[in-house]
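# structural data only, the sequence is not supplied:
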Ligand code: DUC
Ligand code: ZN
Ligand code: ZN
Ligand code: ZN
């Protein structure tokens, strides 16, 4: 079965050119002029881009006393509707001692319903010999090379610095990448308790309890710990200048550190929490919270200058009823917002449409960069012969107003409600199968396959202080440390 995408402009992270794309089965077999196939998709006036990769989603995740409401079926359907053809979900072992392999079994079961390809990151939610041992199996046998650590959610998912340091060293040894949710969980817990004691129990308390400093401090700490452990570091949901500044500095110092802002933080601000009705604000409660215009500008500049590498969603959707678990206590509002269907159109509209980003940069930020970081490039993340035919045919003239009533996600609202977007998929293909055909959804439950990702070899220790740390130490005289030690 062959399909040809005719008369479009191919856009990769490198360049754009006019050509047809011929697909046989799952893969791209030819790129050139005048190609023929059994099925023809007309891409006149459109860009032909690698499908989006969303490296940060939580589908059917047990969290804060409930489960996130989009599962692998509705979540990947939403992604495909918006031009995303691969998602990476976080496998979260129960911190009460569940092993990594047991947790993976649960994630394997849930993910069989995926409409598009997917992979997992592994979360390290507690530390012990079992975790140390199983990490090797996770990397070598299961093809998962990324390990996430929560520096927040005290008493639940949070790990301590000594655990993080031990885990980071192990990840480095195995050729993996450490990831962090960077927020100082101790400070958040203290501020939350104080706010509640003062009677500030509404959703705006959530924003007050997580100021930019808690994120900047944790991002800095994670960078320094990663440096000492000799492991590359990926910081998820970077929302503020303080964390961005730490990432910029680290990168300038030659450290392998990447930052991932979310489309929500780029386009929605803290006014969503203040002087709003309870439901409106609670539906937007996520961690980190939305920030002010100064922070948003910093994030955009990071994308434009290359100090921030990837735009994701942290898609973690809860219904209004679920959000209402937190009436009277904002710390019980399930944290999370949706975005899978809207990431690509919102970034195109607010990035390319405003002249901040070129189409090539858009491709890099939504697909190519993360495929390279996660080690699934060029199978994913580009348009080239031999690559999987995960493709979005993007119509820059197609417009809509985002509204919950026509979305794929299973929840009853949309945080982007009323936003006008220009730039939408005409066709989305997942490994050669047309999943979106001119507005019509033709997804196939179970079509998605797990994407294995090999560790990075040789293990990357290109970190600034690594050599200093391992160099012979200066001799101590009469118990007084030599200066500089
Ligand atoms: N933040 C959220 O808002 N939801 C899921 C987990 C997270 O870190
Ligand atoms: Zn997080
Ligand atoms: Zn600017
Ligand atoms: Zn997350």
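Ah, there it is. Remember, predicted model here, so these are calculated numbers, not experimental data. Numbers count the residues shown, from 1 in each chain. Ligands and ions are numbered 1, 2, ... in the order given.
# dump the residue contacts of whichever residue of the stretch 1-150 of the chain sits closest to ligand 1.
Closest residue of the stretch 1-150 of the chain to ligand 1, Cβ to the nearest ligand atom: residue 58 (5.3 Å). No exception for glycine: its C-beta is placed from N, CA and C like everyone else's. The contact partners of residue 58, by Cβ atoms under 8 Å, 6 or more residues apart in numbering, come to 68, 89, 90, 314, 315, 316, 336.
# what is the neighbour count of the residue lying closest to the last one once chain neighbours are set aside?
Closest residue to residue 336 in three dimensions, ignoring its sequence neighbours and counting by Cβ to Cβ, 6 or more residues apart in numbering: residue 316, at 2.9 Å. A total of 25 residues lie near residue 316 under the criterion other Cβ atoms under 10 Å.
# before we move on, what about residue 439?
For residue 439, using other Cβ under 10 Å, the count is 12.
# just checking, the residue nearest to residue 336 touches residue 63?
Yes: Residue 316 lies in contact with residue 63 (Cβ atoms under 8 Å); the separation is 7.2 Å.
# where does the residue sitting nearest the centre point of the chain sit, in terms of helix or strand?
The centroid of the chain falls nearest to residue 56 when counting by Cα atoms, centre = their mean (2.7 Å). Per DSSP states H and E, residue 56 falls inside strand 52-57.
# quick one: average confidence on that strand?
Averaging pLDDT along strand 52-57 yields 98.
# list the helices and strands it packs on?
Secondary-structure packing of strand 52-57 (3 or more Cβ pairs under 8 Å, 6 or more residues apart in numbering; DSSP states H and E): helix 72-81, strand 84-91, helix 343-347, helix 369-373.
# any chance of these in JSON lines with distance to ligand 1, mean pLDDT and mean neighbour count as columns?
JSON lines is the format used below for these (distance: least, Cβ to the nearest ligand atom, whole Å; pLDDT from 0 to 100; neighbours: other Cβ atoms under 10 Å):
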{"stretch": "helix 72-81", "distance to ligand 1": "13", "mean pLDDT": "98", "mean neighbour count": "29"}
{"stretch": "strand 84-91", "distance to ligand 1": "8", "mean pLDDT": "99", "mean neighbour count": "27"}
{"stretch": "helix 343-347", "distance to ligand 1": "15", "mean pLDDT": "98", "mean neighbour count": "27"}
{"stretch": "helix 369-373", "distance to ligand 1": "18", "mean pLDDT": "97", "mean neighbour count": "24"}
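# mind listing what's buried along stretch 289-306?
Neighbour-count burial for stretch 289-306, counted by 16 or more other Cβ atoms under 10 Å, picks out 289, 290, 291, 295, 296, 298, 299, 300, 302, 303.
# could you do stretch 13-21 as well?
For stretch 13-21, by 16+ other Cβ under 10 Å, it's 13, 16, 19, 20, 21.
# residues from the stretch 51-200 of the chain in reach of ligand 1?
With Cβ under 6 Å from any ligand atom as the criterion, the stretch 51-200 of the chain meets ligand 1 at residues 58, 181.
# show me the helices in the stretch 51-200 of the chain, by range?
In the stretch 51-200 of the chain, the helices defined using DSSP state H, counting those that start in this stretch lie at 72-81, 100-111, 129-140, 161-173, 185-197.
# okay, those, which one's buried deepest?
Looking across these with neighbours counted as mean count of other Cβ atoms under 10 Å, the highest average goes to helix 72-81: a mean of 29.
# and that helix, what does it pack onto?
strand 52-57, strand 84-91, strand 420-430, strand 433-437, strand 440-441.
# neighbouring contacts of that helix?
Applying Cβ under 8 Å, 6+ apart, the contact partners of helix 72-81 are 52, 54, 57, 59-60, 70, 85, 87, 89, 110-116, 118, 315, 317, 338, 340-341, 407-410, 425, 428, 430, 435-436, 441, 443, 445, 448.
# just the buried ones from the residues you listed?
The buried subset of the contacts of helix 72-81 - by 16+ other Cβ under 10 Å - is 52, 54, 57, 59-60, 70, 85, 87, 89, 110-111, 113-116, 118, 315, 317, 338, 340-341, 407-410, 425, 428, 430, 435-436, 443, 448.
# identify the bridge partners of residue 24.
residue 2, residue 27 (DSSP bridges).
# show me what contacts it?
1, 2, 432.
# the same query, at a cut-off of 10 Å, please.
Neighbouring residues of residue 24 by Cβ atoms under 10 Å, 6 or more residues apart in numbering: 1, 2, 3, 30, 37, 38, 389, 432.
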